[in-house]
Every structure is written in C-alpha cells, then in structure tokens.
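K.L.:
3D model of this:
(one chain, ligands or ions: 1)
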Amino acid sequence: MTRMDAAGGLAATTTLDVTTAIDMLWDLDAPRRLAAADATLWGADATDLARTRLGWITTHTTSREFLPKIAQIRESMRDKGLRNVILAGMGGSSLAPEVIGKTLDLPLHIVDTTDPVAVAGALSSDLDSTVVVVSSKSGSTIETESLRRAFVQAFTDAGVKNVGDHFVIVTDPGSPLEQLGKAMSATVIPADPNVGGRYSALTAFGLVPAALAGADIAELLDEADDFAATIGNEPGDNPALLLAAALTTGDTLSIGGDGSGIVGLGDWIEQLVAESTGKNGTGILPVVIETSDAFGHTTPGAIDAVVGGSGMPGRLGSIATTPPQLTVNGPLGAQFLCWEVAVALASIPLGVNPFDQPNVAESKDNTATILADGAPDEEPSFVDGPITGYGEADTLTDALRGLLDTATATDGGYVAVMAYLDPHSDGAVADVRRALADIANVPVTFGWGPRFLHSTGQFHKGGRPTGAFLQITGHTDRNCEVPGRPYGFAELEAAQAAGDRDALRRRGRPLVRLHLTERSDGAAALLAAIKEMARP
Ligand SMILES: O=P(O)(O)OC[C@H]1O[C@](O)(CO)[C@@H](O)[C@@H]1O
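P.N.:
Purely as a prediction, here's the structure:
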C-alpha cells in the first residue's frame, strides 16, 4: 500500500509499513513536542545538549534578521567589484550552501578539502574580485582555519589592499574565529549558537554564502515557513512524521534525485542522517546515488529513496521500473526543514541523541598526534603500476575481492570508499562507487576525504560495526603551505588519512589503502581492474 502525506508544499510517499512507528511517535506526542522545542524527547542523557540545539525549529523565522545585512554586504561587494564567492568550511558549514548553489546554479565555489591540488586551484582564483566566506560554528576546525590562513596569505602575496574587505566570517559568538575575523577587519556574522552544524541549513551558515552568490534566500525561508506549519499535524497530513517513520524501518538509506529541480540534496541528507543517527553501534547508513540513471543500485535491506524539487511525487529516473519505497518532493526550503524534523523524530525510536557526534573527535586527535610526531611507517603489500597497496592482500584484485567478500559475509555489511584526492581534477575516482556497486551485493558509499570525516565518518566509527573500508590516497608534487604552521596541506591531508586509518584499524575494521603514485593513471588502472572483476 502506498501512503502519501502532502502538506506545506511538500509530499512524502512510502510503500513501507510505517504504521507502528507513526503510532509510537504520535502516542509520545513527539511531533507537537518537537514543534514546541521540547528538549526532553531523546531521554535524560540527551536533554542538556538538546536544550542548546533546537533553535533550528524556528530559524525560518529568526533568520530573516539577516536579510538587510546581506543586502548591505551584497551592495558593498558590487561597489568593490567583488563577483566571485568562495566558501571555506566543512560539513554543516558548507553542505547546505553547496546544495543551494548547485540547485540555483550560482557562482559559488566550495572549498571543503585539504587536498593540495584542490587548494592550489582555489588559491589561484582571481583574488581581486573574490570574497571568501569562512564558516565554522566552533571556529576551530583545522581544515577551515588552515584554508583561512592560506587565503589571507594569498591575498597579501597578490598585493590586494584591505584584505579584510575580502572576507566574511560566519561563526558562533565568542569563538576563536570571531576574534580572528575582528582582528583582520573582516565582516563577522554571528550565527545562532543554539543550532548544530548539520541542522544549520536555514541559519547564517546555509544562507549567507548562498545569498552573497546571488540566491534569493527569502524564497527559501518562505518555503520553510509554509512547511513549518505542518510539523505538529495529525498523521495523514504530516509529511515529516511519515518520513521519520519510514526512516526507522531500515538500517540503510539509498538517496537519489529525480532530476526535478534540486541538485545534490543527497550529500546534505547524508551528513544529517549519518552524524545524527550513526552512533552507539546503530543508526542509518546513508548511500548517495549519483544520478537517477544510477538509481538501479538498490541493495537488499536498503530503503530506496528519491528526492525531488517538484511539489508532487515526481519522475523516477529513466531506468526505474518499480516505484521507490520512499519519495520526498517539494521545494528546497521545505526539504531542509522536513528532513531535519524527520531525522530528529526518527532518532527517538532509534534511541540515539541526534545532536552529538561522539566519534568524530578520534580521527581529529589522531591527526594532531601524527602532525606532531609523524606517521608510523607502513610497508606496502603490493605494487601494481601506478597503484601501491597496503593491507593483507598481495594483488589489487585480491585486495578488492577481499573487501567485497568480507562485507558480503557480514550481516549488515557495507563497503565505504574514501578518496583523499581533489574532487575536481581527480573527479573520475568517484566512479569507483558505481563500479564496485555493480559487482557487490552490499551497499557501497563514496566520500571525498577529509570532507566525509564530517559526515559518514561518524557512522564509520560509531554506527554498526560492519563496514569494510577502501581508502584511496594520491601523490602530488604540488603542495601549499599552511601559513604559520610547520606543515603544508599535503602533510595535513596525509595525516588526516593516516589518522582515520588508525581509528578504523583500532576498531578492527577491515581496511585496504591504495596509494596512487600517479593520480590519473592510478584512477584509470583502478577502474579498469574493477571492470575486469565484473567480467564473467
Ligand atoms: O562548523 P564547524 O565547527 O567548523 O564544524 C564542521 C563540521 O564538523 C563537525 O563538527 C564534526 O564533524 C560537524 O558536525 C560539523 O558540521
């Protein structure tokens, strides 16, 4: 049976059996309590944090205060000839603006990496006409602070006058970044301290960079406003409740777009779902499917979800033969709020605190140790042309086969591909997900490092202990210094990869590292090897 709840401009449909979960949440009066920002919904242990993390319930209203300030900054940018907008930020401080930018086709360049090739590319922009938005709630995230330093140095080296005029800082009041922003005479926009990173789409973090790049953010807020009125609705008229209930029916969520006007929402949902639920050995593994054409990769046990921008359940991609188990269709502003509500509600029966990310710190701490003391030596287990392998296996094929077999033999097993490379010039590596998914009968995820550390990285270490990990790193002769630090971006990226390897191995997770000694040849050789494995 298909159920559909359409309200507030958004429709959610599902073929899953959601009755029990809806009844449970409704009996708790959870939708109305969440609408009233009741911090006790997730149990006693979560209450204190929840009290400081529920501001997102009303940000579609409170964020309107930014509209005049943003209009003023845009005018001043225009007067100064500043046309390019670069955003430096990680996770919740960059994923929402990325979706808004892609959806509205805005000239917004996101830099959420430490890959030296990617950073060098961003630093070589036309700086005279560039504004860099530096976004960080904590104000202490190593990637973001390193990028801020590099951009300040690049503007200075380029002889740009009044460097502070080229920076807009978004951060929590009182953070170290606020002090740095003031010291460099940048425009500092205080964020709402009562909203966590992954729930901040409709706060200054989501809105300011998008608006500076030309988005009409009042429209996004209007869309969220229309939807907000439905959060406490009765079942049958409550899309977020239906979505929440559907999310509780599985432990893996495949997310694809239907091509109807929203681009890249899956990456934002991925962080929301992975960091909110992937802890205490449980949670929902998000699997972002690249295109609607790739949407055939449903795997046993995964909920196949399709999201789209049209108001009604939409087109299902050219190859869909059976209807998806879950669809969510509506404008972007409504989507943001709907998914935030649904994930917060789904966390109640899952028994997790949706506002913490207890296992993210571990890889960060390992990175700091490696940067200070150096990485432990690792002996390669094979060399295959431009690919050097580290792990148990003696050949590339055995290494890949071993990961797939381990994941297949594990209840709830999955393969996570983690590529510490440049998402642009090494973009072909992302095809590894699709290629492996073709020969695996388990979910296969893909993330660019270090970006995924702020998303699925939490699930990898805190969620169900069933992942098999393929880490891909790459050599480059290019490096950029991190000004004021004894390391460059190449060393930082390598330390982040090594730190995460260490965190995963300590947990006994199977992990293979493939180092591409020549990036593009290595990527091509890897894809060719996987395709060869697909031959009967
Ligand atoms: O905005 P910040 O504090 O730089 O954090 C960036 C991201 O890092 C995390 O705190 C942890 O990965 C995310 O939850 C967050 O979105």
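K.L.:
drop to CA atoms for contacts and neighbour counts, all remaining ones
P.N.:
Noted.
K.L.:
surely T406 is in contact with F469?
P.N.:
No - counting by Cα atoms under 8 Å, T406 stays clear of F469, with 10.3 Å between them.
K.L.:
now the residue of the stretch 351-500 of the chain found nearest the ligand. Nearest residue, chain neighbours left out?
P.N.:
Minimum separation of the stretch 351-500 of the chain from the ligand (Cα to the nearest ligand atom) falls at H454, amounting to 3.3 Å. Using Cα to Cα, 6 or more residues apart in numbering and skipping the chain neighbours, the partner closest in space to H454 is G91 (5.1 Å).
K.L.:
and that neighbour, how far from the ligand?
P.N.:
Distance, G91 to the ligand, by Cα to the nearest ligand atom, to the nearest Å: 4 Å.
K.L.:
report whether stretch 178-195 contacts the ligand.
P.N.:
No - counting by Cα under 6 Å from any ligand atom, the ligand has no neighbours in stretch 178-195; the shortest distance is 10.3 Å.
K.L.:
over to that stretch now: how far is its first residue from its last?
P.N.:
Taking Cα to Cα, to the nearest Å, stretch 178-195 runs 17 Å from one end to the other.
K.L.:
could you give the mean pLDDT of it?
P.N.:
Stretch 178-195 shows a mean pLDDT of 97.
K.L.:
I'd like the distance from it to the chain centre, please.
P.N.:
Relative to its chain's centre, stretch 178-195 lies at 23 Å (Cα atoms, centre = their mean, to the nearest Å).
K.L.:
what sits up against it?
P.N.:
The contact list for stretch 178-195 (Cα atoms under 8 Å, 6 or more residues apart in numbering) reads 51-56, 137, 139, 163-173, 203-205.
K.L.:
ok, and which of these reach the ligand?
P.N.:
Intersecting these with the contacts of the ligand gives K137, G139 (criterion: Cα under 6 Å from any ligand atom).
K.L.:
buried only: go through the contacts of stretch 178-195 for me.
P.N.:
Listed as buried from the contacts of stretch 178-195 are 53-56, 137, 139, 163-173, 203-205; burial here means 16 or more other Cα atoms under 10 Å.
K.L.:
take those and keep only those in helices.
P.N.:
The members of the buried ones among the contacts of stretch 178-195 that map onto helices under DSSP state H are A204, F205.
K.L.:
can you name the residue of the stretch 151-300 of the chain nearest to the ligand?
P.N.:
Proximity of the stretch 151-300 of the chain to the ligand (Cα to the nearest ligand atom) peaks at G197, 4.0 Å away.
K.L.:
wait, isn't that residue in contact with G89?
P.N.:
No - with contact defined as Cα under 8 Å, G197 and G89 do not form a contacting pair (10.7 Å).
K.L.:
who has more neighbours, these two?
P.N.:
Neighbour count, other Cα atoms under 10 Å: between G197 and G89, G89 has more, with 29 against 26.
K.L.:
what residues of the one helix or strand in the chain whose mean pLDDT sits lowest count as buried?
P.N.:
When each helix and strand of the chain is scored by mean pLDDT, DSSP states H and E, helix 360-373 comes last, with a mean of 91. By 16+ other Cα under 10 Å, the buried positions in helix 360-373 come out as V360, E362, S363, K364, N366, T367, A368, I370, L371.
K.L.:
list the contacts of the second one.
P.N.:
I take that to be E362. A503.
K.L.:
can you list the domains in this protein?
P.N.:
3-42+228-350, 59-221, 360-534 (automatic domain parsing).
K.L.:
pLDDT score for the residue positioned nearest the centre of the chain?
P.N.:
The chain has Q271 as the residue nearest its centroid, 4.1 Å off, counting by Cα atoms, centre = their mean. You'll see Q271 listed with a pLDDT of 98.
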